[in-house]
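1. okay, here's the prediction I keep looking at, along with the sequence it came from:
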Amino acid sequence: MTIHRVNTSEYDAQLEQKVARIRQAFANYTHLTPEVLPSPPIHYRLRAEFKIWRQQDRADYAMYHPGEYKKSFIIKEFTVGSEPINQLMPKLLQAINANALLRSRLFSVEFLTTLSGDALITLIYHKKLDEYWQTAARALQAQLKVSILGRSRRQKLVLDKDYVIEKLDINGKRYQYKQIEGSFTQPNGEICRAMICWAKSTCSAQSGDLLELYCGNGNFTIPLCEHFERVLATEISKVSVAAARENILANGISNLTLVRMSSEELTQAMDGVRSFRRLQEIDLGSYNFSTVLVDPPRAGLDANTCAMIARFPRILYISCNPETQLQNLATLSKTHRIERFALFDQFPYTEHVETGLLLVRN
């Protein structure tokens, strides 16, 4: 058994190592020292997933050792998880161990929480979930005072809701986000808030229009709308697009148009290679794009999209993988220079680093 704690006294030194490594990696493109956005040293993860380890009639939370998928260890405390996760963990485990129906063939548990106090628990099974399970799960939901969702093969049973509502205070203004279970959300809430503030600071003196690729649920898009005349945003995930549309309405945004498209498709439309029915009511030529924002997956930007955004005066490039960002920078540096450089410590005590660049055309 393990109490999953971190040594907070090591945090500053580990962060300094990350800064040095990233500064060296980008040395061929900039002499700027990155602006460092540190994470809280504990309770920073808003999401967590645990395997359920069963011995005889008892269930426990378990995780795998890094790089050793088949070697799991039981945990009793998860200090990197948010405080609501740590509060819910023992209560849920006690309830599961007290109810054979809820415990039977339970495979894993997922927690989704927010800085504003909302929470959702997903119970994932290797069995069909029937009306008896639903009755027991509803009693559990009432006992814990938190929404419960059940999943199994080809089943998703929503007892109350399948989302949480996040509320972020940014520069004196509150933004509200619907975050749907199973869709992408930023795992570190305080870093998410800091990233939005940083992005806004790069656009505070801007005019013209904004194009955003990979907008997700509107995490960056919605707060940035106030800095531009019009915003056109694209996202390929149906779930994220649905959440983004609700978030646009919830935040009273009127200058944002959202289109469900991949970056590759939007690039084809911008280059005049293909026309799309989804764009038939949108006049791309009427936009006066001054800035493009990209926050791609770990694979980075494909060559055509990279070439397309190189035509923009300003590129705001947020990356969860500096290696592929550097690959794209080999192209973008031919036309643009780095004006702002940031490091976001999304996952403390790991090698993972996220970076932000503001690129301005030469």
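-> Structure's in. What do you need?
2. how long is stretch 46-64 from one end to the other?
-> Across stretch 46-64, the straight-line distance between its terminal residues is 19 Å, by C-alpha to C-alpha, to the nearest Å.
3. which parts of that stretch are buried?
-> Neighbour counts using 16 or more other C-beta atoms under 10 Å place 46-48, 50-52, 59-63 of stretch 46-64 among the buried residues. The way it works is simple: take the backbone N, C-alpha and C, and place the C-beta from them, glycine included.
4. what does that stretch contact?
-> By C-beta atoms under 8 Å, 6 or more residues apart in numbering, the surrounding residues in contact with stretch 46-64 are 1, 4, 70-76, 78, 81-82, 85, 89, 93, 96-97, 100, 103, 106-115, 185-189.
5. from the residues you listed, keep the buried residues only.
-> Burial by neighbour count, 16+ other C-beta under 10 Å: within these this picks out 4, 72-73, 75, 78, 81-82, 85, 89, 93, 96, 103, 106, 108-115, 185-189.
6. which residues touch stretch 122-130?
-> Contacts of stretch 122-130 from elsewhere in the structure, counted by C-beta under 8 Å, 6+ apart, are 102, 104-110, 112, 137, 148-153, 155, 157, 181.
7. and the average pLDDT for that stretch is what?
-> Stretch 122-130 shows a mean pLDDT of 97.
8. show me how far that stretch is from its chain's centre.
-> Relative to the chain's own centre, stretch 122-130 is displaced by 26 Å; criterion: C-alpha atoms, centre = their mean, to the nearest Å.
9. buried ones in that stretch, by neighbour count?
-> Along stretch 122-130, the positions that meet the burial threshold by neighbour count (16+ other C-beta under 10 Å) are 122-125, 129.
10. out of the residues you listed, who's nearest residue 360?
-> The shortest gap between residue 360 and any of these belongs to residue 122, at 43.2 Å (C-beta to C-beta).
11. which residue lies farthest from the center of this protein?
-> Most distant residue from the mean C-alpha position of the chain: residue 56, 37.3 Å away (C-alpha atoms, centre = their mean).
12. tell me which entries of the contacts of stretch 122-130 lie within strands.
-> 106-110, 112, 148-152, 155, 157 (DSSP state E).
13. got a markdown table for these, with pLDDT and distance to residue 225 too?
-> What follows is the ones in strands among the contacts of stretch 122-130, written out as a markdown table (pLDDT from 0 to 100; distance: C-beta to C-beta, whole Å):
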| residue | pLDDT | distance to residue 225 |
| --- | --- | --- |
| 106 | 97 | 43 |
| 107 | 95 | 41 |
| 108 | 96 | 38 |
| 109 | 98 | 37 |
| 110 | 98 | 31 |
| 112 | 98 | 26 |
| 148 | 98 | 35 |
| 149 | 97 | 31 |
| 150 | 98 | 37 |
| 151 | 98 | 34 |
| 152 | 97 | 40 |
| 155 | 96 | 38 |
| 157 | 97 | 36 |
